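Q: what follows is a protein structure lacking sequence information:
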């Protein structure tokens, strides 16, 4: 089977790129673009499921692209970790494209090409076994995201876009420098050939440190996290959900891969990783306290969760890596679900500010349930996947007797629950503010006015009154709920919440998959053997 | 040695330019930084070897290493494309850029200092319409000059009438414009 799948790996990059370009040609035909985009993402999901099945026993599938010999070639390698991350990313892609279709962001002509090129870059970055190609694929991934961020962010002005682009370009330049230094010191950029190079040679370790620093900027690890909180909250919810699952997580994946291969899990540097992850957990969650909108709270939480995920690198034991990989998979789904469910409210009511919302539990019970499931899972309460993830992470830290890390993890978990409660009480409980309906109507009219007018003209019966202002006012005073979150906005977030539940109840399966991935990272000898063909 | 000095000088100049307020200077800083990175990458394959890098075309000890040169070519293309994006960003988004003096912004320089901010706004607006016809360019106030989120606050309480009035005019206009109605790009 792996002989068949290996040569097909380049398709994961090639097909989205090609179909993305094809989709851009459909100028007027929205439907064709939607079908191409969703079809490609579904295909990606199917292929990655196949890869998960194939790699679940620790098999590593490697293919030398262009059939060059080992040493000259650029390999594509898939093991349990990369296929699992690829699977989750395609699920996320589908959910956020569905959301974007519902908010009509996906009507923009270049939305689908951007998403598909992004996916091609992600697939490449996850599969490549070559440091320089990692840099190239990260750039392939970033370029469309600059477009998405600028295009979809109504609030994102010059200062938001410039922070995002400048920081990412700076990190990329640093990554390039690091790759150059690795090549200069080790004489190769092939990850399989680099296996253990940094553990033996301090010069390579310094070069690898530059690479890891650059990737840490992209992963928004604490001392260099500021860019993320200042840009993600400014673009549209669909794009935030997509990015939250993709950019930082691919960077985290790269940190795992590089530390496992280049440094061979060297124990000497692990205390640095533990210190940084603890700071990341703590500062991320503390940053959320002062925030006033749902999305910026969630963005700060993202940073704190990145700390949890990176504990796995800091421990580098079987249990630690298993727990961290499980956490990574769980987190990508849960975070996107939270962004989508609060985003549904934000898109409908025109604001994500906690002060200006309230009483959504009565008004939008479905959104409330979706949010609650994901929030409790994020905070780590029992039947959900977050509990398994956090429990096994803390267990792993205790096993290595890093008691202070475990303490930080528990405290941060409590803080996470507290700020989830802040969103819950502010947005879902309490009473509706008086002008909620008015504000929502004005927002709807602003953003969708033209569209609604068109729909009305076709239907012949106005649903949203646009005309003499008195009409609207009377409707509001009559207590009629003219504004509701449409079902199509709820579905993507709910879909992801169901996946979380499934992860929680079927944790055994996912944990065993994570354990295989952890085993692959701990003993990269299979990886090296698969790539070198020996 | 000279390459090391060049890398150092370029990096220093780049860092100096990053610290400036204007977007164009930051872009120039990134140009210099990418040159520095490219030189470093280039020197990673020993620059003392300058022979033709093909097997059989020269002494092994003289042949240049082709790999860093390939790296540099790729990196140049990537840096160039992002530079173009940043220059576009510098010109199209000027109105809410809080890090820059009005007089020094690229649009002021390009329009000869007349400060015709409406031109800038129109340009941005066009671009947004092309890109995201559906997303954020609906009503009268969704133009980038007054982003959607700005309407909160005191505007609201007396505002519904005004808002409705403004909305009506805009929507009628839009109704006459089938291009936007269909949701396609212009």
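A: Everything's here; your move. What you are looking at is a predicted structure, and each value in this text was computed from that prediction instead of being measured.
Q: distance between the helix or strand where residue A:284 lies and the chain's centre?
A: Using DSSP states H and E, residue A:284 maps to helix A:270-287. Here the centre of helix A:270-287 is set off from its chain's centre by 19 Å, with Cα atoms, centre = their mean, to the nearest Å.
Q: okay, buried residues for it please.
A: For helix A:270-287, a neighbour-count test (16 or more other Cβ atoms under 10 Å in any protein chain shown) marks A:270, A:273-274, A:276-285, A:287 as buried. C-beta coordinates here come from the backbone N, C-alpha and C atoms, glycine included.
Q: closest one of those to chain B?
A: residue A:287 (21.0 Å; Cβ to the nearest Cβ).
Q: so the closest one makes contact with residue A:229?
A: Yes. Between residue A:287 and residue A:229 there is a contact under Cβ atoms under 8 Å: 6.6 Å.
Q: overlap in contacts of those two?
A: The overlap between the contact sets of residue A:287 and residue A:229 (Cβ atoms under 8 Å, 6 or more residues apart in numbering or on different chains) consists of A:300, A:303.
Q: mind showing which ranges of the stretch 51-200 of chain A have poor pLDDT?
A: For the stretch 51-200 of chain A, residues meeting the criterion pLDDT under 70 lie at A:153-159.
Q: where exactly do the strands run in the stretch 201-350 of chain A?
A: Counting by DSSP state E, counting those that start in this stretch, the stretch 201-350 of chain A has no strands at all.
Q: which stretches in it count as helices?
A: Assigned helices in the stretch 201-350 of chain A, in chain order: A:202-219, A:226-231, A:237-261, A:270-287, A:294-315, A:318-349 (criterion: DSSP state H, counting those that start in this stretch).
Q: now for the first one, which elements pack on it?
A: Read it as helix A:202-219. Packing contacts for helix A:202-219, counted by 3 or more Cβ pairs under 8 Å, 6 or more residues apart in numbering or on different chains; DSSP states H and E, involve helix A:158-186, helix A:197-200, helix A:237-261.
Q: so what touches it?
A: A:131, A:138, A:167-168, A:170-172, A:174-175, A:177-179, A:181-182, A:184-186, A:194, A:197-199, A:224, A:227, A:247-248, A:250-252, A:254-255, A:258-259, A:262-263, A:266, A:269, A:276, A:306, A:310.
Q: of these, list those near chain B.
A: A:170, A:172, A:177, A:179, A:181, A:184 (Cβ under 8 Å from any Cβ of the partner chain).
Q: neighbours around residue 19, how many?
A: I went with chain A, as the question did not name one. Using other Cβ atoms under 10 Å in any protein chain shown, residue A:19 has 21 other residues around it.
Q: that was the other one, I meant chain B.
A: 10.
Q: how about residue B:55?
A: Residues contacting residue B:55 under the criterion other Cβ under 10 Å number 8.
Q: give me the secondary structure label for it.
A: Following DSSP: H, G, I helix; E, B strand; the rest coil, residue B:55 is assigned to coil.
Q: gap between it and residue A:72?
A: Separation of residue B:55 from residue A:72 (Cβ to Cβ, to the nearest Å) stands at 11 Å.
Q: one more: residue A:379?
A: Counting by Cβ to Cβ, the gap from residue A:379 to residue A:72 is 50 Å.
Q: neighbour-wise, which of those two wins?
A: Using other Cβ under 10 Å as the criterion, residue A:379 and residue A:72 rank with residue A:379 on top: 22 against 10.
Q: find the nearest non-adjacent residue to residue A:182, please.
A: In space, residue A:182 comes closest to residue A:207 once its chain neighbours are excluded; the distance is 4.4 Å by Cβ to Cβ, 6 or more residues apart in numbering or on different chains.
Q: out of the ones next to chain B among the contacts of helix A:202-219, which one sits closest to chain B?
A: residue A:184 (3.8 Å).
Q: OK, contacts around that closest one?
A: Per Cβ under 8 Å, 6+ apart, neighbours of residue A:184: A:207, B:43, B:44, B:45.
Q: highest neighbour count among those residues?
A: Neighbour max across the contacts of residue A:184 (other Cβ under 10 Å) = residue A:207, 26 neighbours.
Q: and the pLDDT for that residue?
A: Residue A:207 carries a pLDDT value of 93.
Q: repeat that for residue B:127.
A: 40.
Q: one step back: by pLDDT, give me the weakest of the contacts of residue A:184.
A: Among the contacts of residue A:184, residue B:45 has the lowest pLDDT, at 80.
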